[in-house]
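**Student:** how does the following fold in three dimensions:
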Amino acid sequence: MVVLTKKKRKLKKGVYKFLVLLIIVGLLGYSGIKLYKDYKYKQTYEYKLLQHGYKLEEVKILEKNFDNKRLDWLLSVPKNKTVLNLLKEKYYIANKLDDYLAYEKENANLSLTEIVLKVNTLTNYDFYEHTIESDISKGILLNCNKYYRLPEDYVPEDLVTINTNYAFGTRQATKETVDAYINMWNAAKENGIHLMVNSAYRSYSDQEAVYNSYKAKNGEAYADKYAARPGHSEHQTGLSLDIFSIDNTSTKTFENSAAYAWLKDNAHKYGFILRYSKDKENITGYSFEAWHYRYVGVEAATKVYEDDITYDEYYAYYIEK
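**Tutor:** Residues are numbered from 1 along each chain as shown. All right, here's what the predicted structure looks like:
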């Protein structure tokens, strides 16, 4: 039998005490770290938003989309499901959130999709009520409509004349537009379609004369439905063409022609879009025009065509944003 000496027993007891002390210190340290981590976590937006009633997946969405100022605002108001639903909208634009919320408050009968659409395209204002100068630095992608206006002295720098093989009379448009149109004309010709341009570039004063003529005959409301006010006409951009065919120049029947059917399905391949589509009058502000095509380049035209949206929607979400 091994008998521990008094000295050894004392040493062993000391070791036990030391181990116990280490364990206590460790536990206290762990608890302290845990308490500190808990304290720090409770300072996070995740914790605060969870306590505010949001689910974890909703919190992740909010933190991904909002800065601290916006998160603080969310914490200062009752849980806002409208904000979460707006973030799910395809064409949601972050810097327009306040506008969406304000418009939704006044128009609770509208869906959020309609609200996003109207705010993005400025159609939450009456036509011509809220106008902005067109950003001509956008080139072929500039916007010109009942909200975006061109300066009175704006004239495209590279206007060229369209040969009478491709147009009724001599017409002008930007060189890029004309080149794209001729490529499209040739493709249509191969398919038995003979396209012809009936109208192209118009100056500010030319458009003023057109608009005033409509207004004098039928009043301002009628004029605004069928013609742009001066400065608001796409024809002043040099990027728009009124395209008919050699055998149909009627605004009443062109939509029933083979030429229109071909253009509707193929114009985007050459960079053109049908600018004033059917059933989109509430956005464009114009009645359906089967003949009015706008050059925006192949990439933009294809997106507009595939998503079945107006250029006003495209501009807001893909260009101006």
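**Student:** heading C-terminal from the strand or helix carrying Lys264, find the next helix or strand.
**Tutor:** According to DSSP states H and E, Lys264 maps onto helix 258-266. Downstream of helix 258-266, the first helix or strand assigned by DSSP H and E is strand 272-274.
**Student:** any idea how far the helix or strand harbouring Glu63 is from the chain center?
**Tutor:** Per DSSP H and E: Glu63 is located in helix 56-65. With C-alpha atoms, centre = their mean, to the nearest Å as the basis, helix 56-65 stands 23 Å off its chain's centre.
**Student:** before we move on, back to that, now do the helix holding Lys264: everything it contacts.
**Tutor:** For helix 258-266, contacts defined as C-beta atoms under 8 Å, 6 or more residues apart in numbering pick out 184, 187-188, 191-195, 243-245, 248, 254, 272, 274, 290-291, 293. (Glycine included, C-beta is placed from N, CA and C.)
**Student:** circling back: which SSE is immediately downstream of the helix holding Glu63?
**Tutor:** The first helix or strand that comes after helix 56-65 along the chain, using DSSP H and E, is helix 68-76.
**Student:** ok, residues contacting that following helix?
**Tutor:** With C-beta under 8 Å, 6+ apart as the criterion, helix 68-76 contacts 45, 48-49, 52, 62-63, 66, 80, 83, 97.
**Student:** elements contacting the next helix-or-strand element following it?
**Tutor:** Per DSSP H and E, the first helix or strand lying C-terminal to helix 68-76 is helix 81-87. Here helix 81-87 touches helix 56-65, helix 97-106, helix 112-120, going by 3 or more C-beta pairs under 8 Å, 6 or more residues apart in numbering; DSSP states H and E.
**Student:** got the CA positions of the first one in PDB?
**Tutor:** C-alpha atoms of helix 56-65 as PDB (Å, rounded to 0.1, in the frame of the first residue of the first chain):
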ATOM      1  CA  LEU A  56     -36.200  36.500 -39.600                       C
ATOM      2  CA  GLU A  57     -36.500  36.100 -43.400                       C
ATOM      3  CA  GLU A  58     -38.200  39.500 -43.500                       C
ATOM      4  CA  VAL A  59     -35.400  41.000 -41.400                       C
ATOM      5  CA  LYS A  60     -32.800  39.700 -43.900                       C
ATOM      6  CA  ILE A  61     -34.700  41.300 -46.800                       C
ATOM      7  CA  LEU A  62     -35.000  44.600 -45.000                       C
ATOM      8  CA  GLU A  63     -31.300  44.700 -44.000                       C
ATOM      9  CA  LYS A  64     -30.300  43.900 -47.500                       C
ATOM     10  CA  ASN A  65     -32.300  46.700 -49.000                       C
END
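**Student:** what packs against the helix holding Glu63?
**Tutor:** If contacts are counted by 3+ C-beta pairs under 8 Å, 6+ apart, helix 56-65 sits against helix 45-51, helix 68-76, helix 81-87.
**Student:** re the thing from before, now the contacts of helix 258-266: which count as buried?
**Tutor:** 184, 188, 193, 195, 243-245, 248, 254, 272, 274, 290-291, 293 (16 or more other C-beta atoms under 10 Å).
**Student:** now the two most distant members of those residues.
**Tutor:** For these, the maximum inter-member distance is 18.1 Å, found between Asn248 and Phe272 (C-beta to C-beta).
**Student:** can I get the CA coordinates of the helix or strand that Asn282 is a member of in PDB?
**Tutor:** Using DSSP H and E, Asn282 sits within helix 281-284. What follows is helix 281-284, C-alpha atoms only, in PDB (Å, rounded to 0.1, in the frame of the first residue of the first chain):
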ATOM      1  CA  GLU A 281     -52.700  54.700 -73.300                       C
ATOM      2  CA  ASN A 282     -52.800  55.300 -69.500                       C
ATOM      3  CA  ILE A 283     -48.900  55.200 -69.500                       C
ATOM      4  CA  THR A 284     -48.000  56.800 -72.800                       C
END
